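In: How does the following fold in three dimensions:
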Amino acid sequence: MMSADPSQMPTAPRPAASSSPPPSFAPHAAPTADLSLWIKQTALEIGFDLAGITTLAPSSRPDYIRDWFNSGRHGTMDYLQRHAPTKLDPQTHWSWVKSVIILGLHYDPPENRTLSSPQPDGNNQGAIAAYARGRDYHRVMAGLLKRLAAAIRSKRGAGFQSVAGVDATPLLEREMAARAGLGWIGKNTMVIHPKKGSWFVLGELLTNLDLPLDAPMADHCGTCTRCIEACPTAALTPYQMDASRCISYQLIENRGEIPPALHEPIREAGYLVGCDICQSVCPHNSKVVPKPNSAGAPSRDGTIPLHAVLNWDDQQWDRMTRGRATRRVKLPMWKRNAEILLGHRDPS
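Out: Below is the predicted model of the structure:
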């Protein structure tokens, strides 16, 4: 499972961008539908796999999100709760924003998507979630967003203003992606596209362009509950995630001890960093045709020897995680996770 937040992949909060309003466009430069089409086509040419346009609207599920925090389902991710007011109504922080260009970037799925777990060889290998195997998608996405913003500025002139985000700004990215027609939010809380599945990460440009909006997509989960049934820790109910039970959250975000009751399910899943299970069993992902990884060069380290991790020092950790999303997992956490997979962690 890539995400434990109902809106985005958990990551360290970054300083919020300035909320001061940028200059407005001159009347003769009013954006048109042609500009919207050009922006989306340019985004695809630059390297994005999905592009849509929506507004910076208040959340459509404020009561659920408040309850999610109040019931402690965010675990120890207190920074998410601190940013809740902005998440619920981002217009209070970015009042100048007229439209959001929301973008999806494909990453390679795991090698065998028919399995509900990677089944490591003899419990001596720990799996790395698919999104984290290549280059750090934050950096890749940020570079592409910068190129897209430069292209739009070249076309529109100095009046164009934007703020880029890659799942670290206090925004409900998945709600925005669903409103923009990139897919629907599935029962596993991931954004699912009927042809591209859910193997993509999200980024956005908040802009002062007054662009035509794309239409949302209908929900195609139907009666399927495979993701819910496959989750080893029962973290999922339809369209809701209890992050405190999510394997991805426990392995990546939990800096302390992982609850003993979750040790055996984690061993069964076989993941050392992150988790792909609820995506791997999704029927819509079975239709996805593998393609070169937009989010970074394909990585050979789908699994890592657990005993080797136990012998890592700071220098080896630095070498193995530099430039990768796995750097979010600090050295003591790598060793903790490996010990759990090997059954060396005392569950009492």
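
In: how about the strands in this protein?
Out: 50-54, 99-106, 125-128, 162-165, 184-185, 191-192, 200-207, 236-237, 240-241, 271-273, 303-305 (DSSP state E).

In: closest one to I247 among those strands?
Out: Among the strands of the chain, the nearest to I247 by CB to CB is strand 271-273 (6.0 Å). Glycine gets a C-beta too; all of them are placed from N, C-alpha and C.

In: related to what we said a few turns ago, want to try CSV for the strands of the chain, with mean neighbour count and distance to R156 as columns?
Out: What follows is those, written out as CSV (neighbours: other CB atoms under 10 Å; distance: least, CB to CB, whole Å):
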stretch, mean neighbour count, distance to R156
strand 50-54, 23, 15
strand 99-106, 26, 13
strand 125-128, 23, 41
strand 162-165, 22, 10
strand 184-185, 21, 31
strand 191-192, 27, 28
strand 200-207, 25, 10
strand 236-237, 18, 43
strand 240-241, 22, 39
strand 271-273, 26, 41
strand 303-305, 18, 46
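
In: mind giving me JSON lines with those and columns for mean pLDDT and distance to Y137?
Out: As requested, the strands of the chain are exported to JSON lines (pLDDT from 0 to 100; distance: least, CB to CB, whole Å):
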{"stretch": "strand 50-54", "mean pLDDT": "96", "distance to Y137": "14"}
{"stretch": "strand 99-106", "mean pLDDT": "95", "distance to Y137": "7"}
{"stretch": "strand 125-128", "mean pLDDT": "94", "distance to Y137": "13"}
{"stretch": "strand 162-165", "mean pLDDT": "93", "distance to Y137": "13"}
{"stretch": "strand 184-185", "mean pLDDT": "96", "distance to Y137": "20"}
{"stretch": "strand 191-192", "mean pLDDT": "97", "distance to Y137": "15"}
{"stretch": "strand 200-207", "mean pLDDT": "95", "distance to Y137": "5"}
{"stretch": "strand 236-237", "mean pLDDT": "95", "distance to Y137": "23"}
{"stretch": "strand 240-241", "mean pLDDT": "90", "distance to Y137": "20"}
{"stretch": "strand 271-273", "mean pLDDT": "96", "distance to Y137": "14"}
{"stretch": "strand 303-305", "mean pLDDT": "92", "distance to Y137": "19"}
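
In: quick one: which of the ones you listed is nearest H284?
Out: Going by CB to CB, the one of those nearest H284 is strand 191-192, 5.2 Å.

In: How about Y239, nearest residue that isn't a chain neighbour?
Out: Once flanking residues are discounted, Y239 sits nearest to K187: 5.6 Å by CB to CB, 6 or more residues apart in numbering.

In: For the one you found, give me its contacts.
Out: Going by CB atoms under 8 Å, 6 or more residues apart in numbering, K187 touches 221, 224-225, 227-228, 236, 238-239.

In: Now do it against G52, distance only.
Out: Separation of K187 from G52 (CB to CB, to the nearest Å): 21 Å.

In: buried sites along the lengthiest helix in the chain?
Out: Determined from DSSP state H, the single longest helix within the chain is helix 137-156. Going by neighbour count (16 or more other CB atoms under 10 Å), the buried part of helix 137-156 is 137-138, 140-142, 144-145, 148-149, 151-152, 156.

In: and which of those is nearest to E204?
Out: L145 (7.9 Å).

In: what's the burial count for the nearest residue to P283 once chain neighbours are set aside?
Out: Leaving aside its sequence neighbours, P283 sits nearest to C224 (CB to CB, 6+ apart; 6.3 Å). Burial of C224 is recorded as 15 neighbouring residues (other CB atoms under 10 Å).

In: What confidence value was assigned to C224?
Out: You'll see C224 listed with a pLDDT of 97.

In: can I assume it is in contact with H284?
Out: No - using CB atoms under 8 Å, C224 is not in contact with H284, being 9.0 Å away.

In: picking that back up, for K187, see how far away the residue nearest to P283 is.
Out: Counting by CB to CB, the gap from C224 to K187 is 7 Å.

In: what's the answer for V166, then?
Out: Per CB to CB, V166 is found 25 Å from K187.

In: same deal with K40?
Out: 28 Å.

In: same question, V309
Out: In terms of CB to CB, V309 sits 33 Å off from K187.

In: got it, and A132?
Out: With CB to CB as the criterion, A132 and K187 are 23 Å apart.

In: Domain boundaries for the chain, per the record?
Out: Domains of the chain are assigned by automatic domain parsing as 27-109+136-207, 226-342.

In: okay if I get these as TSV plus distance to L213?
Out: Putting those into TSV (distance: least, CB to CB, whole Å) gives the following:
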stretch	distance to L213
domain 27-109+136-207	6
domain 226-342	23
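
In: Just give me the lowest mean pLDDT stretch among those domains.
Out: domain 27-109+136-207 (a mean of 86).

In: before we move on, the earlier item: for the domains of the chain, which one sits closest to N124?
Out: domain 226-342 (5.8 Å).

In: The closest one: end-to-end distance?
Out: In domain 226-342, first residue to last residue: 28 Å (CA to CA, to the nearest Å).
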